[in-house]
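>>> fold the following.
(4 chains)
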Protein chains: 4
Amino acid sequence: MSHNTFGHLFRVTTFGESHGPALGCVVDGCPPGIALTEADIQADLDRRKPGSSKFVTQRKEPDAVRILSGVFQDERMPEQVTTGTPIALLIENVDQRSKDYADIRDKFRPGHADYTYWAKYGVRDYKGSGRASARETAARVAAGAVARKVLNSLYGEVKIRAALIQVGTQKIDRARWDWAETANNPFFCPDASAVAPWTEYLESIRKAGSSVGAIVEVVAEGVPAGLGAPIYGKLDADLASALMSINAVKGVEIGDGFLTAAMTGEENADEMRAGPAFLANHAGGILGGISSGQPVVARFAVKPTSSILTPKQTIDVTGAETEVFTKGRHDPCVGIRAVPIGEAMMALTLADHALRHRGQNG
Amino acid sequence: MSHNTFGHLFRVTTFGESHGPALGCVVDGCPPGIALTEADIQADLDRRKPGSSKFVTQRKEPDAVRILSGVFQDERMPEQVTTGTPIALLIENVDQRSKDYADIRDKFRPGHADYTYWAKYGVRDYKGSGRASARETAARVAAGAVARKVLNSLYGEVKIRAALIQVGTQKIDRARWDWAETANNPFFCPDASAVAPWTEYLESIRKAGSSVGAIVEVVAEGVPAGLGAPIYGKLDADLASALMSINAVKGVEIGDGFLTAAMTGEENADEMRAGPAFLANHAGGILGGISSGQPVVARFAVKPTSSILTPKQTIDVTGAETEVFTKGRHDPCVGIRAVPIGEAMMALTLADHALRHRGQNG
Amino acid sequence: MSHNTFGHLFRVTTFGESHGPALGCVVDGCPPGIALTEADIQADLDRRKPGSSKFVTQRKEPDAVRILSGVFQDERMPEQVTTGTPIALLIENVDQRSKDYADIRDKFRPGHADYTYWAKYGVRDYKGSGRASARETAARVAAGAVARKVLNSLYGEVKIRAALIQVGTQKIDRARWDWAETANNPFFCPDASAVAPWTEYLESIRKAGSSVGAIVEVVAEGVPAGLGAPIYGKLDADLASALMSINAVKGVEIGDGFLTAAMTGEENADEMRAGPAFLANHAGGILGGISSGQPVVARFAVKPTSSILTPKQTIDVTGAETEVFTKGRHDPCVGIRAVPIGEAMMALTLADHALRHRGQNG
Amino acid sequence: MSHNTFGHLFRVTTFGESHGPALGCVVDGCPPGIALTEADIQADLDRRKPGSSKFVTQRKEPDAVRILSGVFQDERMPEQVTTGTPIALLIENVDQRSKDYADIRDKFRPGHADYTYWAKYGVRDYKGSGRASARETAARVAAGAVARKVLNSLYGEVKIRAALIQVGTQKIDRARWDWAETANNPFFCPDASAVAPWTEYLESIRKAGSSVGAIVEVVAEGVPAGLGAPIYGKLDADLASALMSINAVKGVEIGDGFLTAAMTGEENADEMRAGPAFLANHAGGILGGISSGQPVVARFAVKPTSSILTPKQTIDVTGAETEVFTKGRHDPCVGIRAVPIGEAMMALTLADHALRHRGQNG
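Numbers count the residues shown, from 1 in each chain, chains lettered A, B, ... in the order given. Here you go, the predicted model:
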């Protein structure tokens, strides 16, 4: 979890800027013998793809992935499999719209990483936010697809799904939760009754050149008990890091999260019965940093994008005061596309812990 | 951030169980030439010490720290300083109350790490929760004291303070926030008017053998812009991991955190003026994973301890159904003692990032 | 230094197989603001390129490198510079000669990694040795070129040069050492008088379908005192790992190396005079794992390649006994091309230690 | 392998100075359920102990080890076992002979780490060489004893033995190699006929206040095929780092090592027969960075200690020229005590790779 590398045994290193020639990643430490094709990865990438509805960025990117290494097949093998060597995944950038950056290249857009990258590095790729762009997350989703295959190969089906449960001020009715619905609307919303009002709400936000935040919930089912490595490699600590590293995320919680502050020990206990079975899952499937065998449940808050039409006060690189606002394409709710990214980060975290656990404990 | 080691350049490895002979840590990568004595560390340890009020565990531990290595002074030197080699800190356990563990050694207490440690390792030190005990955090606080010295030596005064802002259902009035008050009550509460009602509230919880959760806020002032290392070493990602790794923590947020989900881009922007100065700090001092020079603000939720008097349904190591409850000393609100621990984790995260930043960027 | 990643702060992750579509690397943690173009990297790659003489593999690879990320230039900047984000370098494979692998795909060539990869992974890319091919080292050389730029930007000129000092049974006369000569012959030999006999010798080895080993010496001048991080991050320990990781390397020594075993303390001391100046450099520029300011001197032995024309006894994947020999192109002395690779690994090791040192010590 | 931590999954962090109150280590990532007592560790420590013959340092240290954490036993368990949590090992320093350091505290002893520590850190613990003292290796030997237990628990007996094969100019006759002899003489010499001449030779060195170097050979038998992680985590690369990190080591080789430079491909091949069986082991049990199932064979050269009676030219901390020589106890051949240390580093490297291999490959 340092620099641009995520994971310890199952490790992903990503690279690439928003407007450079390509982005991608190297997935290192993958177990050998796992069937893997570009199509396996493309399916996940397509769910994150920009331009898929008017509520996400209008950039047109096919996000076609190429596997450059780490797989093998000859005419005697029924399918292409991983070899245990690094899997390099490459995604070419196609729609780097030619644009005049003169109006923002020297200004720091409030809420963006413009000022902090400049303060840290002294040089900044201002084209489409460079490395700080959410385009980097395509590489995470690609790597996450590999992680899912690893988990399934180890444990049978590990089902990792995410949903948007809040958009701005609008929340779902959790009683109406239906995972199947997440595939039927552009919001990954699990509550069919919320789709119409959300559409209207986001349409008004979009037309106003404004933006709103969101909350995403990620659930992993089929995770065995025992994953996690106290003290500083706790499963929830790594998950918090993984989800907080997603662009614009400002909060992460596990299970009942912040609600537990107001709970008593009696309310919060997840009693056990033979099986083992649990009578509740307030803990979100993690106790003492180790998975309990229950579904692993996490939630994260995505702030509204700072790319809005309203002019904002700011300074430029000389320190002089000025104004800035964002023209052109952007996401009215960046939280929508964070849904498959959240799934990918959950998959990456679990795959790494699966291998770490096996390393220490067999 | 793996196993029992925290950090990359400024690294802390902790060890020790609740009822073993000692616990401690090795602080590795500390810059040389920093004045450091046991007294510097003891001051922070004393703030976390058990037995300091009736609202925290009644275990009596002096938590006296010994520096075993990594410092040097001869008769020509005005003070003892770090040498750049590993600083080992040792804290002997004194009050391992002799107790009959027969009633819990084979049962899994719901909400505790009993079941998951057993599922992971197949063997479990059930005395005082072993490694999963909050006693481990004494080592963090000791290491955090060293981290503070490092930060101060690099940046002048970096002020890292935490406060309890919610206990169970009781919240502070943020308008009454006074940091000085945190030293005047056993709750680290910054709102003097909350102390009396909290005392009454927690007394009732304690007498009922129950427990409640809490929310802690940690603020670091004096952190320069530029700390943080995209993408997977973002300052907020590492902070999330650091705080989530504290026992019983179930949620972490930065700046406005989960509230940003319901905000618009207009509301959430932290506009800039010459200085640079910011007109707000919704971001909690971190943009794009890099510190902005504003105060770094984080908050975390601590669940109620599962050690309560009410019997709970559970199973034993054979899988048979049974009941369990907790006799003896425990914390009615473990969140209280999490306050200095939160400060320590903030200090450790910042010190590591300070060195990492200097390594790459000079 | 784990998996396919080298380094801690200045980190290089390589990927790619001998006969896959491409190979390359991601250089992470590079300081920002360093001028870097593809031409800077190409120069080093050309020195390692296959097909440059009849004494190295006849594979024809242009080894043209593309920078995919991590650099920036706009019309106001005099040159393209690093941004501090990951630098991805891509080299397409061009000459993956179509070949029938039927005769080796199920056999383990003695001395190659065939058997061990198969034993470890259960699947093996046998085309051109897959990941175990020396083609991977092109990525190291590319990354090494970036490392040189980092070192020069930090310390003024750090001169890192290597030479072939022994080929099979033929040694150079060290008294005739002239660095300039290494550019004048296909062996990187610093002794002009050795070129003719070496040519004759290697020609006979080549015609016989045989191969010989070699010894390479690498020297880094301009390295300041202070690089290295006791105890397990000693500069010489990391250098040993870096050089031993090169294909076919079987031994590494620093300074006088194995000769010191037969020396006395009187002979081996590098006495000091004001300056500081040293009266000798038996230590090879490293004391206690930390650079002394003297030239860093390392030497490594490369075994003869196992790809020879003589049939050898072996087994196949079913365990049955058989014979194998290598047809087609190969290096009669793989040690020759190890010369620029040795320089690259020295540069990578020093660049990483330079940043680590600055991180801890400023 | 950074700072004072060795290993990735099986990790050892050491601490302590020569003349501080104690030294020790934290062994993290140890598999659970392995029987472990202080006596298991003490046996190895006793073999390294100073003061055991007149040919090693006369410092009197019992080197009694205490296990502070990471093990558990209750009255129902037949033996104390590891729990999977960090194992802290503590060794108190006893014989920090009170001594006047005035004559060396400001001078840099040639060949020692005095100058480089001072150049790096600006402060130096000059008492008994501080952290640079070979006393640190007691912690390695203690950790190595744990590593042996891990290896044996995984693979049945893994026999790791080392021997001194050269002292100064005196070599053993390899034809007389008898492992049993290493326990019968103070040199760990496997050739009984060498003991008398070595005794005489070293006695003369000792009386002259001089010192000589040595070569140690380490062999691990019972290591399965498949350990090692290309490219930068090759088993031989990690082994080179591990052995080079031992105090005073200047060279490392695997199998035939530097001799392979003068060999042909025909001579160097280790042909295979059914079994699998190998007809030779020039490779030292490692091919392509992965173990082959043959004995893993490594050799390392230890330079003569620079602590000699002859005055040597040097400078002091002000840069002024002066002379220095070493009074008091020291090792005439530090290579002798390096024998058990070499075994420990082999064990640590293999244990880490065993867990890493299991993590990725099951």
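
>>> the longest helix seen in chain A vs chain C: in contact?
Determined from DSSP state H, the single longest helix within chain A is helix A:338-361. No: Helix A:338-361 stays clear of chain C (C-beta under 8 Å from any C-beta of the partner chain), getting no nearer than 11.2 Å. C-beta here means a position set from N, CA and C on the backbone, and glycine is covered the same way.

>>> check which helices and strands that helix is in contact with.
Helix A:338-361 sits against helix A:38-48, helix A:137-155, strand A:159-167, strand A:214-221, helix A:235-244, strand A:296-302, helix B:114-121, helix D:338-361, with contacts defined as 3 or more C-beta pairs under 8 Å, 6 or more residues apart in numbering or on different chains; DSSP states H and E.

>>> right, so these: which one is the most enclosed?
Highest mean neighbour count among these (mean count of other C-beta atoms under 10 Å in any protein chain shown): helix A:235-244, with a mean of 31.

>>> CA atoms only for that helix, dumped as CSV, please.
Taking C-alpha atoms only, helix A:235-244 is exported to CSV below (Å, rounded to 0.1, in the frame of the first residue of the first chain):
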residue,chain,number,x,y,z
LEU,A,235,-8.7,-6.7,7.0
ASP,A,236,-10.8,-3.7,7.9
ALA,A,237,-7.8,-1.4,8.1
ASP,A,238,-6.7,-2.5,4.6
LEU,A,239,-10.2,-2.2,3.3
ALA,A,240,-10.5,1.3,4.8
SER,A,241,-7.3,2.2,3.0
ALA,A,242,-8.4,0.6,-0.2
LEU,A,243,-11.7,2.4,-0.3
MET,A,244,-10.4,5.7,1.0
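
>>> report the angle between that helix and helix B:114-121.
For helix A:235-244 against helix B:114-121, the angle by axes from the mean of the first three to the mean of the last three C-alpha atoms, to 10 degrees is 90 degrees.

>>> report the angle between the axes of helix A:235-244 and strand A:214-221?
Using the same axes, to 10 degrees: helix A:235-244 against strand A:214-221 is 140 degrees.

>>> tell me the helices and strands packed up against helix A:235-244.
Helix A:235-244 makes packing contacts with strand A:249-254, strand A:286-287, strand A:296-302, helix A:338-361, helix B:235-244, strand B:249-254 when contacts are defined by 3+ C-beta pairs under 8 Å, 6+ apart.

>>> could I get the pLDDT score of residue A:329?
As predicted, residue A:329 sits at a pLDDT of 62.

>>> correction: the previous question concerned residue A:97.
We note a pLDDT of 66 for residue A:97 in this prediction.

>>> kindly report the same for the one 4 residues further on.
In this prediction, residue A:101 carries a pLDDT score of 82.

>>> ok, stretch A:267-275 near chain B or not?
Yes: judged by C-beta under 8 Å from any C-beta, stretch A:267-275 and chain B are in contact via A:267, A:268, A:269, A:270, A:271, A:272, A:273, A:274, A:275.

>>> pLDDT check: weakest of the residues you listed?
Lowest pLDDT among the residues of stretch A:267-275 next to chain B: residue A:269, 89.

>>> around chain D, which positions in the stretch 151-300 of chain A sit nearby?
Near chain D, when you scan the stretch 151-300 of chain A using C-beta under 8 Å from any C-beta, you find residue A:230.

>>> which residue does the stretch 151-300 of chain A bring closest to chain C?
residue A:153 (13.0 Å; C-beta to the nearest C-beta).

>>> which of the helices or strands spans residue A:30?
Secondary structure assignment for residue A:30, by DSSP states H and E: no helix or strand.

>>> rewinding a little: the longest helix of chain A to helix D:338-361, inter-axis angle?
Going by the same axes, to 10 degrees, helix A:338-361 makes 140 degrees with helix D:338-361.

>>> mean confidence for helix A:338-361?
Mean predicted lDDT for helix A:338-361 stands at 98.

>>> tilt between it and strand A:296-302?
140 degrees.

>>> now do the SS call for the closest residue to residue A:35 other than its chain neighbours.
Using C-beta to C-beta, 6 or more residues apart in numbering or on different chains and skipping residues adjacent in sequence, the residue nearest residue A:35 is residue A:79, 4.7 Å away. When classified by DSSP: H, G, I helix; E, B strand; the rest coil, residue A:79 comes out as coil.

>>> identify the residues contacting residue A:79.
A:35, A:37, A:73 (C-beta atoms under 8 Å, 6 or more residues apart in numbering or on different chains).

>>> looking at it, the second one is touching residue A:80, isn't it?
Spelled out, it's residue A:37. Yes: at 5.6 Å, residue A:37 counts as touching residue A:80 under the criterion of C-beta atoms under 8 Å.

>>> is any part of the strand or helix carrying residue A:13 close to chain C?
Counting by DSSP H and E, the element that carries residue A:13 is strand A:11-16. Yes: Strand A:11-16 lies within reach of chain C by C-beta under 8 Å from any C-beta, at A:11, A:13, A:14, A:15, A:16.
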